[in-house]
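Colleague: Here's my sequence, what's the structure:
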Amino acid sequence: MAHQRRARATAGAARTERGGGASSIFTTTLVAIVAFTICHRNCREVDAFVPRSATSFDTRSTSALFTATRPTDQQTQKQNEAGWVEETFNGAKQADVGAAAASASASASAAASGVSIDVGQVRGPAEVLVYDTSLRDGTQGESVSVSCDDKLKIAKKLSTTLNADFIEAGWPGSNPKDAEFFSRAQTELDPLAKSRLVAFGSTRRKAIKAEDDPQIQALVDSGAPTVCIVAKSHLWQVTDIIRATPEENLDMITDSVSYLTSLGIRTFVDLEHFFDGYKHDAEYALQCCQAAADAGAKCLVLCDTNGGSMPWQVEEMTRVVVEQFPDVTVGMHAHNDCGMAVANSVTAARAGAGLIQGTINGIGERTGNADLCSIVPSLGLHVGSKMTCLDNLPNMTSVSRFVDETLNRQPVSSAPFVGASAFAHKGGLHVAAMERSPLSYQHVDPAKVGNEKRILISELSGRQNIMGKIKEVGVDVDGDDDVSARATAILNRVKQLESFGYTFEGAEASVDLMILHGNENYCPPFKVLDYSAMVFDSNLDSASRVLDANSDVTPHENSESTTARATIKVRTINMDEASDDPYVDRLEVSDGNGPVDALAMALKRSLLTNHPHIKDLELVDYKVRILDPESATSAATRVMIEFKDHSSGELWTTVSVDRNVISASLNALVDGFEYALVDHGCLLHDM
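Modeller: Numbers count the residues shown, from 1 in each chain. Predicted structure coming up:
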């Protein structure tokens with residue numbers, strides 16, 4: 001049978017090689033020295049310093065602090081009088097195509113990646129191809145749903161911004177949405193993105209020819225230059241799950257790959273359950289690899305489908321396949337059920353795998369797939385792998401957040417490399433060390449992956465944390481005893497407020513406001529003089545509305561659309577040039593769906609005339625937490641409100657604590673609006 005399979009594979013080997021000859025690639029290194037200057041301001045300690053409620057936002061550093069390096073045994077950190085300079089990170093390497101000019105376009109780079117896998121084995125870790133399966137395997141994750149329009153947007157982003165080698169976009173034979181995607185891709189994606197598309201499917205069904213299988217034909221009709229078909233490689237899965245004979249499964253692999261390659265389609269094979277299958281029957285698992293290779297598969301993708309393999313097992317088994325099939329690229333597809341997906345992927349590359357599959361942010365079924373946002377930077381910055389997307393690493397964070405936003409997912413702040421907390425520093429000793437050298441507590445320069453360093457403020461902070469924040473707002477702190485004293489005062493205030501229930505770890509803007517309010521040259525752009533809020537309802541019997549089986553009315557359906565009214569009086573600058581009064585008081589009333597909504601609309605209305613830039617400001621989240629439940633209705637309440645400026649895309653969160661939830665909410669609202677206006681604020685003395 002093996003003889004027959006080879007004969008059929010030979011007969012069907014009239015394949016079209018795509019892309020031309022192999023590429024010659026050389027490595028370059030980059031040395032960068034980043035200098036920064038901080039504006040000087042006159043800052044004096046204020047004796048009666050009383051900060052208001054807290055705000056937070058995604059801090060944007062005023063300058064790039066350093067270029068990350070990874071010191072070798074021969075390298076040492078150097079410092080000079082002007083600051084410190086870090087040497088080049090030796091592991092980071094920039095891929096280029098030797099046959100192309102220095103100004104080669106992105107399409108030439110993409111063609112090189114396709115060529116390399118067509119002419120022979122791409123072998124890691126020296127060279128690694130990046131295969132994204134977010135649009136297929138990633139969409140199998142719980143609560144992950146994506147429209148065809150969004151799939152096209154993500155595919156464009158993966159191609160143009162990340163520069164991924166392959167983009168697995170769906171299974172056209174399984175659902176109309178994926179079939180629509182491949183149809184629209186022919187006209188809505190640029191040639192570079194289309195050249196990277198992969199259509200996913202499976203081997204032919206039992207007792208049918210490959211050319212007669214509708215889902216195989218759907219792969220052909222998709223127009224994708226590359227297809228990836230899944231095949232069973234675990235003997236038990238073959239006999240007990242799909243209930244085929246071992247030989248029949250091998251024939252299904254051979255026939256499917258032979259047919260597709262005979263049509264000039266680059267074909268990869270996902271060997272499902274490979275590692276478990278190898279443990280169960282290594283000989284049969286390798287026979288499945290042999291059947292695919294003999295039929296013309298360009299890549300044998302070893303799948304840890306159940307996510308239960310350990311890195312040392314992956315390394316051993318991958319190395320066996322790499323050495324046994326020297327003319328075919330070996331790939332890795334890992335799931336994260338044991339939290340090992342990234343480690344297994346990097347380990348597989350170290351063992352010779354030249355193609356790594358994964359998803360953006362690790363989305364996928366059960367606990368997710370291998371996270372490309374961790375794998376790609378790890379291979380590029382720590383292993384030194386040559387990758388087509390290496391020059392695009394600074395876009396990694398933006399790609400991560402774009403995919404989350406498009407899929408309506410909340411970004412994971414603790415995600416390595418791309419999370420908001422990936423380079424966040426809280427401990428006072430850590431921050432003090434970071435001031436001397438960022439390498440003291442960071443493994444790479446955050447800018448290498450498009451992220452940034454953040455200094456967190458909390459009761460665990462030291463004075464250096466506050467000094468760092470003062471620097472960020474543009475104050476020269478070197479040798480200034482007054483600034484140092486103010487930093488100590490702010491730190492003591494932070495610790496006191498946190499003992500009351502405030503939290504400043506994610507609320508950097510609240511500390512910025514403390515710093516500003518501690519400067520006698522600063523006054524807020526507006527001041528709330530007084531406010532009131534009323535709540536009303538025409539039907540308090542909510543239980544009957546919910547439990548009445550004879551009524552289709554849902555809770556609050558019969559109530560008025562507005563349930564609260566707020567009145568607020570604000571003093572702000574007078575924009576009327578004909579008036580001699582520098583300030584103007586505005587009284588506004590607004591209805592809303594509850595007191596907080598009404599207060600927010602009234603406050604915005606009172607400021608809009610004099611500060612039109614807040615028209616794009618929106619409240620996007622509101623959270624309340626009871627801090628001492630044992631106090632019942634008199635408990636202290638922490639309120640956090642998230643704001644978004646649609647004109648800039650900036651997000652920030654404000655926080656306040658009070659035993660009156662309405663007061664806490666208004667304080668958080670006021671801080672949020674003040675932070676939005678702080679760049680446009682004026683000095684309102686003697687208000």
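
Colleague: Give the bridge partners for Ser656, please.
Modeller: Ser656 has these beta-bridge partners by DSSP bridges: Val639.

Colleague: Look at it and say how many residues are nearby.
Modeller: A count of nearby residues for Ser656, using other CB atoms under 10 Å, gives 27. Every residue, glycine included, has its C-beta placed from N, CA and C.

Colleague: again with Leu429
Modeller: By the criterion of other CB under 10 Å, Leu429 has 13 neighbours.

Colleague: repeat for Arg366
Modeller: Arg366: 13 neighbours (other CB under 10 Å).

Colleague: do Arg436 as well
Modeller: The local packing of Arg436 (other CB under 10 Å) involves 11 other residues.

Colleague: before we move on, what about the one 5 residues further on?
Modeller: Using other CB under 10 Å, Tyr441 is surrounded by 15 other residues.

Colleague: The one 4 residues further on too?
Modeller: Residues lying near Asp445 (other CB under 10 Å) number 26.

Colleague: That one is in contact with Glu452, isn't it?
Modeller: No - between Asp445 and Glu452 there is no contact under CB atoms under 8 Å: 9.9 Å.

Colleague: neighbours around Val661, how many?
Modeller: 18.

Colleague: Check Glu211 too.
Modeller: 15.

Colleague: Quick check: Ser532 is in a helix.
Modeller: No - note on Ser532: no helix contains this position according to DSSP: H, G, I helix; E, B strand; the rest coil, which reports strand.

Colleague: quick one: pLDDT of it?
Modeller: For Ser532, the pLDDT comes out at 94.

Colleague: again with Met310
Modeller: Reported pLDDT at Met310 in the predicted model: 97.

Colleague: Check Gly223 too.
Modeller: Per-residue pLDDT puts Gly223 at 95.

Colleague: cool, and Asn574?
Modeller: On pLDDT, Asn574 comes in at 80.

Colleague: Any idea how many residues pack against Asp327?
Modeller: Asp327: 9 surrounding residues under other CB under 10 Å.

Colleague: so it touches Gln121, yeah?
Modeller: Yes - Asp327 is within contact range of Gln121, at 5.9 Å (criterion: CB under 8 Å).

Colleague: can you give me the helices in the stretch 51-200 of the chain?
Modeller: 106-119, 148-157, 176-188, 191-196 (DSSP state H, counting those that start in this stretch).

Colleague: so how far is Thr633 from Asp537?
Modeller: As judged by CB to CB, to the nearest Å, Asp537 and Thr633 stand 19 Å apart.

Colleague: who has more neighbours, these two?
Modeller: Neighbour totals were compared for Asp537 and Thr633, and Asp537 leads with 11 against 6 (other CB under 10 Å).

Colleague: of the helices of the stretch 51-200 of the chain, which approaches Ser222 most closely?
Modeller: helix 176-188 (4.0 Å; CB to CB).

Colleague: which secondary structure elements does that closest one contact?
Modeller: Judged by 3 or more CB pairs under 8 Å, 6 or more residues apart in numbering; DSSP states H and E, the packing partners of helix 176-188 are helix 148-157, strand 166-170, helix 191-196, strand 197-202.

Colleague: got the ones you listed as CSV, with mean neighbour count columns?
Modeller: Below are the helices and strands packed on helix 176-188 laid out as CSV (neighbours: other CB atoms under 10 Å):
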stretch, mean neighbour count
helix 148-157, 19
strand 166-170, 29
helix 191-196, 19
strand 197-202, 25
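
Colleague: so can I have a markdown table of those showing distance to Gly368 and mean pLDDT?
Modeller: Below are the helices and strands packed on helix 176-188 laid out as a markdown table (distance: least, CB to CB, whole Å; pLDDT from 0 to 100):
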| stretch | distance to Gly368 | mean pLDDT |
| --- | --- | --- |
| helix 148-157 | 17 | 95 |
| strand 166-170 | 16 | 96 |
| helix 191-196 | 23 | 96 |
| strand 197-202 | 18 | 97 |
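
Colleague: Can you say which of those is nearest to Val321?
Modeller: strand 166-170 (19.4 Å).

Colleague: ok now the closest one, how far from the chain's centre?
Modeller: Mean-position distance between strand 166-170 and its chain equals 19 Å (CA atoms, centre = their mean, to the nearest Å).

Colleague: counting contacts, what elements does it pack onto?
Modeller: Applying 3+ CB pairs under 8 Å, 6+ apart, one finds that strand 166-170 makes contact with strand 129-132, helix 148-157, helix 176-188, helix 191-196, strand 197-202.

Colleague: And the ones you listed: which comes nearest Ile360?
Modeller: Nearest to Ile360, of all those, is strand 129-132, at 6.8 Å by CB to CB.

Colleague: The closest one: partners in the sheet, and parallel or antiparallel?
Modeller: Using DSSP bridges, strand 129-132 pairs in its sheet with strand 166-170 (parallel), strand 355-358 (parallel).

Colleague: got the CA positions of that strand in CSV?
Modeller: Output in CSV follows, covering the C-alpha atoms of strand 129-132 (Å, rounded to 0.1, in the frame of the first residue of the first chain):
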residue,chain,number,x,y,z
LEU,A,129,7.5,31.4,9.4
VAL,A,130,4.5,32.9,11.3
TYR,A,131,1.1,31.3,10.6
ASP,A,132,-1.9,33.1,12.0
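
Colleague: What are the contacting residues of that strand?
Modeller: The contact list for strand 129-132, computed with CB atoms under 8 Å, 6 or more residues apart in numbering, reads 113, 116-117, 122, 158, 162, 164-168, 198, 329, 331, 354-360, 372, 376, 387-389.

Colleague: Buried ones among the residues you listed?
Modeller: Buried residues within the contacts of strand 129-132, counting neighbours by 16 or more other CB atoms under 10 Å: 113, 116-117, 122, 158, 162, 164-168, 198, 329, 331, 354-360, 372, 376, 387-389.

Colleague: Save the helices and strands packed on strand 166-170 as a markdown table, and put in distance to Ala231 too.
Modeller: Formatted as a markdown table, these follow (distance: least, CB to CB, whole Å):
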| stretch | distance to Ala231 |
| --- | --- |
| strand 129-132 | 17 |
| helix 148-157 | 25 |
| helix 176-188 | 20 |
| helix 191-196 | 23 |
| strand 197-202 | 7 |
